[in-house]
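Okay, sequence plus prediction incoming.
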Amino acid sequence: MEDGKPVWAPHPADGFQLGMIVDIGADTLTIESLNQKGKTFLAPMSQVFPAEDDVNKHVDDNCSLMYLNEATLLNNVRVRYNKDHIYTYVANILIAVNPYYDIPKLYGPDAIKSYQGKSLGTLPPHVYAIADKAYRDMKVLKMSQSIIVSGESGAGKTENTKFVLRYLTTTYGSGQDIDERIVEANPLLEAFGNAKTVRNNNSSRFGKFVEIHFNEKNAVVGGFVSHYLLEKSRICMQSNDERNYHIFYRLCAGASEDIKKKLHLDSPDSFRHQQVGALKDPLLDDQGDFSRMCVAMKKIGLDDTEKLDLFRVVAGVLHLGNIDFEETGSSSGGCVLKNQSGQTLEYCADLLGLDQDDLRVSLTTRVMLTTAGGTKGTVIKVPLKVEQANNARDALAKAVYSRLFDHVVKRVNQCFPFETSSNFIGVLDIAGFEYFEHNSFEQFCINYCNEKLQQFFNERILKEEQELYQREGLGVNEVHYVDNQDCIDLVEAKLVGILDILDEENRLPQPSDQHFALAVHSKHKDHFRLTVPRKSKLTIHRNLRDDEGFIIRHFAGAVCYETTRFVEKNNDALHMSLEGLVSESKDKFVRELFENSIPNKDSKQKAGKLGFISVGNKFKVRVIVKSLKTFFGELSWIESA
Ligand SMILES: Nc1ncnc2c1ncn2[C@@H]1O[C@H](COP(=O)(O)OP(=O)(O)OP(=O)(O)O)[C@@H](O)[C@H]1O
């Protein structure tokens, strides 16, 4: 920092404020604010940065700033944003700020045309320029490419993903209407996979990897969408001011009287699975959105039968949520359906193609096969307590809905089929690092994935670039970064990693969240990255007991995870009686949703144990290996996942 030159110093609300250094202490600097002459304050030396000579000037690429630091980068992005320049480069990484309104001509046909074949930096920063670079690299290197779109909820990931797809299909299409079909398929995906949250009225509650495939002439031949980690907990429970998936409300609001009658639908507030969240939102038009969704369904070729299949299952899930149980009062300790749930049971069974009595029995008992009674074993029915029956009901609702979502994605993929392809450009739309007041299993998975992404940036951007500078003899100051391998190991190491500890807990006869949390602490007592909630800076976390959570020191900051429901959320399995019931539904569509659902029919479950399918490890395998392979390809650490 030079004498007499302005600096950026921390500001409680604005991030940074401009000032002049008036005194230098051992670790702190005394700064005089430029906005309030005469007002001085102290700031830690490490958080004060040199400012550019002209703070109102901006540059397309943050790397062109005279001083590149946290404060000048933020100021550059802010100055640009105020002039509607929402995109800024950091070398070949693009920063996008959500403008929350349509900037005229930013994405129109002329803009699409102008970026075709242009190197990065020739024209103002744009998501189209990134898409074109991916295309040119694919063509030259003859290798598939991936673009990672990351950011917090509401940052604009989905919108920018759509712009990339539109750019590629419009510019390098082969005359087919694949771009239109991809755009048209979106409303359907969003109806089933998006929901209103406090941060975004149309928040995608699933991650996706969209591939645009090209033939040997580098023309678009088709597309493919993979999805992962649909937020299943939302199907049965939403926070205040949030909602369940759009489709539930849209169906109740927009379906014709005839369909409503067939599906026994009423207003949304008559269904438990929708009562917790906000029912009405002036910014949402469920009725209009229903009509738009139906138009999109028609355009991508869904006929009335297919439409009704989807609606029937959605309605079935809604009715299922309304089934209530009460204790029998008998010595068996089990439960029965409440009297008023009789009608609901009938509707639900009817919509899902199940036998009423079979559904009743499967919800209130669990079939076990004991090893006693000869080679075939003996079937016994274990009565469920009210709480267990509630869990079974919710697990069934989640299983049916998530299978339905799988089907929707599969159906969407049929809209842009291709037989062979030479290469693809993949766009990974992935939630950024999440840190809320209450953090659960979903945040744990997302943040773990972000640790992996950070490691990629460490390896690829920082380490490799610096090695290159050194080889070429460029005197660039070394950038230090913290290796986060220890944090990744803490989560994914075999046997002792948190994911494996959780899987182990799920396999116990009586798994518990408390036992799991204690096991994590005992296995990693002195781990630098892990500590107990009572060590948190926030009172709300300090009130948690050791068996109620843990804190992980991530690269982006410490996050306190509350482990209540980790065990349940990690288990994707239904108990055998329910799984068997739906997979043998009289309804062909429901039966097909559950096809191949009982692979271990004859293994452990037959011996009377509850099935267990690990969500955490499935997430690890799916996201890290499959979706990111093109991006991380040759890096050695990805192979270990
Ligand atoms: N470039 C843009 N121009 C205009 N509006 C935008 C732009 N990007 C985002 N928006 C607006 O912001 C809203 C939220 O954006 P988007 O759904 O893409 O966020 P997201 O990062 O995908 O969020 P989530 O992780 O919750 O799905 C959009 O519905 C749109 O109204």
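It's in.

Next up, the contacts around residue 206.
If you count contacts by Cβ atoms under 8 Å, 6 or more residues apart in numbering, residue 206 has them with 193, 227-231, 405. Backbone N, C-alpha and C define where each C-beta goes, glycine included.

Lowest pLDDT pick from these?
Here the lowest pLDDT out of the contacts of residue 206 sits on residue 229, with 75.

Count the neighbours of it for me.
21 (other Cβ atoms under 10 Å).

and the gap between it and the ligand?
Relative to the ligand, residue 229 is positioned 12 Å away (Cβ to the nearest ligand atom, to the nearest Å).

Likewise for residue 52?
Distance of residue 52 to the ligand, computed by Cβ to the nearest ligand atom: 26 Å.

Also residue 529?
26 Å.

residues in the chain within reach of the ligand, list them.
Where the chain comes near the ligand, counting by Cβ under 6 Å from any ligand atom, the residues are 98-102, 151, 153-159, 200, 202-204, 431.

Please narrow those residues to those residing in strands.
Using DSSP state E, 151, 203-204, 431 are the members of the residues of the chain next to the ligand that sit in strands.

what comes up buried for stretch 410-422?
By neighbour count on 16 or more other Cβ atoms under 10 Å, the buried set for stretch 410-422 is 411-412, 415-416, 418, 421.

List the contacts of that stretch.
Under Cβ under 8 Å, 6+ apart, the answer for stretch 410-422 is 142, 178, 181-182, 184-185, 188-189, 213-216, 218, 221-225, 300-302, 306.

Same check on stretch 380-392?
325-328, 332-335, 361-370, 568, 574-575, 578.

Can you get me the start-to-end distance on it?
18 Å (Cα to Cα, to the nearest Å).

now do stretch 53-66
Distance between the two ends of stretch 53-66: 9 Å, counting by Cα to Cα.

And that stretch, how far out from the chain middle?
Centre-to-centre, stretch 53-66 and its host chain are 34 Å apart (Cα atoms, centre = their mean, to the nearest Å).

Report the buried residues of that stretch.
55, 58-62, 65.

got it, and stretch 488-499?
In terms of neighbour count (16+ other Cβ under 10 Å), stretch 488-499 has its buried residues at 488, 490-493, 497-499.

Quick one: mean pLDDT over that stretch.
Averaged across stretch 488-499, the pLDDT comes to 93.

where do the helices sit along the stretch 251-400 of the chain?
Remark: helices assigned in the stretch 251-400 of the chain by DSSP state H, counting those that start in this stretch are 257-263, 272-275, 286-299, 304-321, 342-352, 356-364, 386-413.

These: lowest mean pLDDT?
Among these, helix 272-275 scores lowest, at a mean of 65.

so what's residue 69 closest to, chain neighbours aside?
Among residues not flanking residue 69 along the chain, residue 49 sits closest, at 4.1 Å (Cβ to Cβ, 6 or more residues apart in numbering).

what's the closest of the buried residues of stretch 410-422 to the ligand?
Proximity of these to the ligand (Cβ to the nearest ligand atom) peaks at residue 412, which lies at 17.2 Å.

Quick check: that closest one vs residue 15, distance?
In this view, residue 412 and residue 15 are 41 Å apart by Cβ to Cβ, to the nearest Å.

re the thing from before, going by distance to the ligand, which of the buried residues of stretch 53-66 wins?
Minimum distance to the ligand across these is 17.3 Å, recorded for residue 60 (Cβ to the nearest ligand atom).

Could I get the contacting residues of that closest one?
Residues near residue 60 by Cβ under 8 Å, 6+ apart: 88-89, 121, 124-125.

Among those, which are located in strands?
88-89.

tell me how far the ends of stretch 546-561 are from each other?
Note: stretch 546-561 ends 11 Å apart using Cα to Cα.

Can you say which of the residues of the chain next to the ligand are buried?
151, 154-158, 200, 202-204, 431.

Identify the residue nearest residue 55 in space, chain neighbours excluded?
residue 75 (5.9 Å).

I'd assumed residue 57 was in contact with that neighbour.
No: taking contacts as Cβ atoms under 8 Å, residue 75 lies outside contact range of residue 57: 10.0 Å.

picking up where we left off before, could you check the helices of the stretch 251-400 of the chain and tell me which one is nearest residue 250?
Among these, the nearest to residue 250 by Cβ to Cβ is helix 286-299 (4.1 Å).

what comes into contact with the helix or strand where residue 247 lies?
Using DSSP states H and E, residue 247 maps to helix 246-254. If you take Cβ under 8 Å, 6+ apart as the criterion, helix 246-254 is touched by 190-192, 194-196, 202, 243, 260, 263, 265-268, 271, 273-274, 279, 284, 286-291, 293-294, 311, 314-315, 317-318.
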